[in-house]
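J.: below are the sequence and a predicted model; questions follow.
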There are 2 protein chains.
Amino acid sequence: MPKATSRRPAGGELSLIAGLTQELSKVSSRAVELGIGDDAAVLRVGKERLVVTVDDQVEGVHFDLRWLTTADVGYRALQAAASDLAAMGAEPLAAVASLRAPRGFPEARLRELSRGQAAAARELGCPVVGGNVARDSHLSVTTTVLGRVKKPLLRRGAQPGDELWVLGELGLARAGLLLHQLRPKLPRRLAAVAARARGAWARPRALVREGRALQGRARAALDVSDGLAGDVQHLARASGVKAVIEAARLATMVTEDLAELGDLLGEPGVALALRGGEDYALLASGPRARRPPGAKVVGRIERGRGSALELETGQRFALGAGFDHFRS
Amino acid sequence: MPKATSRRPAGGELSLIAGLTQELSKVSSRAVELGIGDDAAVLRVGKERLVVTVDDQVEGVHFDLRWLTTADVGYRALQAAASDLAAMGAEPLAAVASLRAPRGFPEARLRELSRGQAAAARELGCPVVGGNVARDSHLSVTTTVLGRVKKPLLRRGAQPGDELWVLGELGLARAGLLLHQLRPKLPRRLAAVAARARGAWARPRALVREGRALQGRARAALDVSDGLAGDVQHLARASGVKAVIEAARLATMVTEDLAELGDLLGEPGVALALRGGEDYALLASGPRARRPPGAKVVGRIERGRGSALELETGQRFALGAGFDHFRS
């Protein structure tokens, strides 16, 4: 589907997206193996399978220039786009980017933005091979990344009995964002985790290696970009199963100092992990026997529909519209 | 290079683009056969050669909603992006698009925009397989198209002795734009050409078939998107040759009724053809013996540098900074 760019798409936006998807899905071709609807589209070209996806980073929606350098903006724009490829187990090949900036935005800072893109491109092995520059009322970067994959990992495919795995961090980047928004007074013992949190938010990394390691192990995967509570629903819906997040397991993903920082920021550990998206962790499901090294179990797949948070008491809360992850 | 989106990039913008290009070109990879600098980038994936390019259509820069339906905006966004692939002799495979619209922009009109994209996608055999939606102060569409090519036609490669060919129309779309801007009173005999001109501007077509027919015939090619006078310089510069446009030959490309319409709009036939860009014609050079059917000769390639307009008297005018094609 065309994905909403606002971090928490609300009802109207979702209906708009459904409408546009309906129009665009009327046209297909032999080259299209998977169209709109997953992290990226899959194309078949000769003997190759390609994946392609587009991501927007818009000032005021995804970032605030008081909190990021323009180099950070460039860096995270490319990493965020590449994260969709990582979730499919693909290898990024190249990117193109469209850059918009207000008239009078200093040229030196736009070069700095491109230096940030280049830094991410180097780390990802994914050069920016084309672009466009235009004037706009605010800064934004639209990035399309192209990758290659043998067998794409999709959102669908999860089966009852699967474990739910997370690769990467959850909640650290969200704590970084909250630190900027709330500017709390920090005890010295939290300085280190606060610095890590700010770094995680400013310079996220697409987990390409981790995604490729899921090949042959996971049955379904996606990247956690809107928050675990929301993204786990995408996996459950696409797979036609019920996804259960176990609060106790999720809590073990949050280090003690991050939990303490979360308390101070008004979002205790598990809430931070449930709402956290911009770490660009990967969420996957697969059989226990094939769990990849480094994957952390956060729950399981059951027969049924929807998704739930399960407490140690056995009590369950639906992670549906009722859960306030749309709060922001 | 990152291409400027404003229709007539001026000095400052060109220096910005050069700066960004310099930063981004520092990163390459084995997959990149041709990076920033031509109509599209060329990637090598297994035995396949892929081309990829991005194009922006921004309200107030590229279009005015008083003159286009939102369906037209969607249609021309995809065609304009595909035109860069046509110029390389490539076959479009798929596109992704990022759509931005002001809050409150009617959902029905955005669906209409997607219907326009779908209509172009159907004609081009190039489905839109992914997208993004975001809020912005004005309407815009950023389109990335991906294509496949055996041997890409580049801007470089023109040789002294080559003919200069144009495929498609020149100046008709510009007349369409001027009709909207100037709203002149038209004599009835010009109604038909005026309708054609408005249609050419609202619904341009990427000349994919014509571009593929240039394979094995042309030595260099690009699409005329910023105006022939400017684009011929790109070909001359990239090829290290002098390009000479012959005014008398160019005049034969302008039909009598279009020339009359041009007079009425204050841009006589040849000026219309020199400034015209949004017809998305193709400009190519190649040996006379390999001239493709339908190509119109508009000049020739000589030893030297730069580009010139040659009158029948033999008098020449440089098509450089001196030529006022930056007027708009």
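T.: Happy to help now that I have it. Quick caveat: nothing in here was measured; it's all calculated off a predicted structure. Numbering: from 1, shown residues only, chains lettered A, B, ... in the order given.
J.: drop to CA atoms for contacts and neighbour counts, all remaining ones
T.: OK.
J.: looking at chain A, which residue ends up farthest from its center?
T.: In chain A, A:Gly104 marks the outermost C-alpha relative to the chain mean, sitting 32.1 Å out by CA atoms, centre = their mean.
J.: in a strand, that's where A:Asp223 is, yeah?
T.: Yes. Assigned with DSSP: H, G, I helix; E, B strand; the rest coil, A:Asp223 falls within a strand.
J.: I figured it was touching A:Leu282, is that so?
T.: Yes. With contacts counted by CA atoms under 8 Å, A:Asp223 reaches A:Leu282, the gap being 4.4 Å.
J.: overlap of the contact sets of the two?
T.: A:Ala87 (CA atoms under 8 Å, 6 or more residues apart in numbering or on different chains).
J.: quick revisit: distance-wise, check the residue farthest from the centre of chain A relative to B:Val208.
T.: Per CA to CA, to the nearest Å, A:Gly104 is found 38 Å from B:Val208.
J.: same thing with A:Asp231?
T.: A:Asp231 sits 40 Å away from B:Val208, going by CA to CA.
J.: try A:Leu167
T.: Taken as CA to CA, the span from A:Leu167 to B:Val208 is 44 Å.
J.: cool, A:Arg188 as well?
T.: 63 Å.
J.: repeat for A:Gly227
T.: 42 Å.
J.: so these two - more neighbours on which side?
T.: In this view A:Gly227 and B:Val208 are compared by other CA atoms under 10 Å in any protein chain shown, and A:Gly227 has more residues nearby, 26 against 22.
J.: what's around the closest residue in space to that one that isn't next to it in sequence, how many residues?
T.: Closest residue to A:Gly227 apart from its sequence neighbours, by CA to CA, 6 or more residues apart in numbering or on different chains: A:Gly277 at 3.9 Å. Around A:Gly277 there are 27 other residues, counting by other CA under 10 Å.
J.: and the residue of the stretch 51-200 of chain A found nearest chain B, backbone torsions?
T.: In the stretch 51-200 of chain A, the residue found nearest to chain B is A:Gly131; the distance is 3.9 Å by CA to the nearest CA. With angles defined as degrees, to the nearest 10, A:Gly131 sits at phi -170, psi 180.
J.: that one contacts A:Leu99, correct?
T.: Yes. With contacts counted by CA under 8 Å, A:Gly131 reaches A:Leu99, the gap being 7.4 Å.
J.: so A:Ala259, which of the three states?
T.: Applying three-state DSSP: A:Ala259 is helix.
J.: wait, it sits on A:Leu265?
T.: No. Using CA under 8 Å, A:Ala259 makes no contact with A:Leu265, being 9.6 Å away.
J.: out of these two, which sits in the busier spot?
T.: A:Ala259 (25 against 18).
J.: make sure A:Val270 is indeed in a helix.
T.: Yes. Membership of A:Val270 in a helix is supported by three-state DSSP.
J.: now it: closest residue in space, sequence neighbours ignored.
T.: Using CA to CA, 6+ apart and skipping the chain neighbours, the partner closest in space to A:Val270 is A:Ala251 (5.4 Å).
J.: then A:Leu235?
T.: Nearest non-adjacent residue to A:Leu235, counting by CA to CA, 6+ apart: A:Arg155, 5.1 Å away.
J.: go ahead and confirm A:Leu311 touches A:Glu246.
T.: Yes. Under the criterion of CA under 8 Å, A:Leu311 makes contact with A:Glu246 at 6.3 Å.
J.: which one's more surrounded, these two?
T.: A:Glu246 (20 against 14).
J.: does that one touch A:Leu309 like I think?
T.: Yes. Contact criterion CA under 8 Å: A:Glu246 and A:Leu309 qualify, at 6.0 Å.
J.: tell me who's in contact with A:Leu50.
T.: If you count contacts by CA under 8 Å, 6+ apart, then A:Leu50 has A:Val42, A:Leu43, A:Arg44, A:Leu146, A:Gly147, A:Arg148, A:Val149 around it.
J.: buried only: go through these for me.
T.: A:Val42, A:Leu43, A:Leu146, A:Gly147, A:Arg148, A:Val149 (16 or more other CA atoms under 10 Å in any protein chain shown).
J.: specify the beta-bridge partners of A:Leu99.
T.: A:Val133, A:Val141 (DSSP bridges).
J.: next: A:Ser285.
T.: With DSSP bridges as the rule, A:Ser285 is bridged to A:Leu164, A:Ala220.
J.: give me the pLDDT for the most centrally placed residue in chain A.
T.: Centroid check for chain A by CA atoms, centre = their mean gives A:Ser225 as the closest residue, at 2.3 Å. A:Ser225 carries a pLDDT value of 87.
J.: related to what we said a few turns ago, sec struct for the residue nearest to A:Gly227, please.
T.: Following three-state DSSP, A:Gly277 is assigned to coil.
J.: check the gap between it and chain B for me.
T.: 17 Å (CA to the nearest CA, to the nearest Å).
J.: which residues touch that residue?
T.: Applying CA under 8 Å, 6+ apart, we find A:Gly277 in contact with A:Leu170, A:Gly171, A:Ala173, A:Arg174, A:Val224, A:Ser225, A:Asp226, A:Gly227, A:Leu228.
J.: any regions of the stretch 151-300 of chain A where pLDDT drops low?
T.: Low-confidence segments of the stretch 151-300 of chain A (pLDDT under 70): none present.
J.: switch the cut-off to 80
T.: For the stretch 151-300 of chain A, applying pLDDT under 80 flags the ranges A:277.
J.: can you show me the strands along it?
T.: Ranges of strands in the stretch 151-300 of chain A, per DSSP state E, counting those that start in this stretch, are A:163-167, A:220-224, A:242-246, A:281-286, A:296-302.
J.: apart from its neighbours in sequence, what residue is nearest A:Val45?
T.: That would be A:Ala31: by CA to CA, 6+ apart, it lies 6.3 Å from A:Val45.
J.: what's the answer for A:Arg291, then?
T.: Leaving aside its sequence neighbours, A:Arg291 sits nearest to A:Arg217 (CA to CA, 6+ apart; 6.6 Å).
J.: and A:Ala273, by the same measure?
T.: Leaving out its chain neighbours, the residue that sits closest to A:Ala273 by CA to CA, 6+ apart is A:Gly171, at 4.3 Å.
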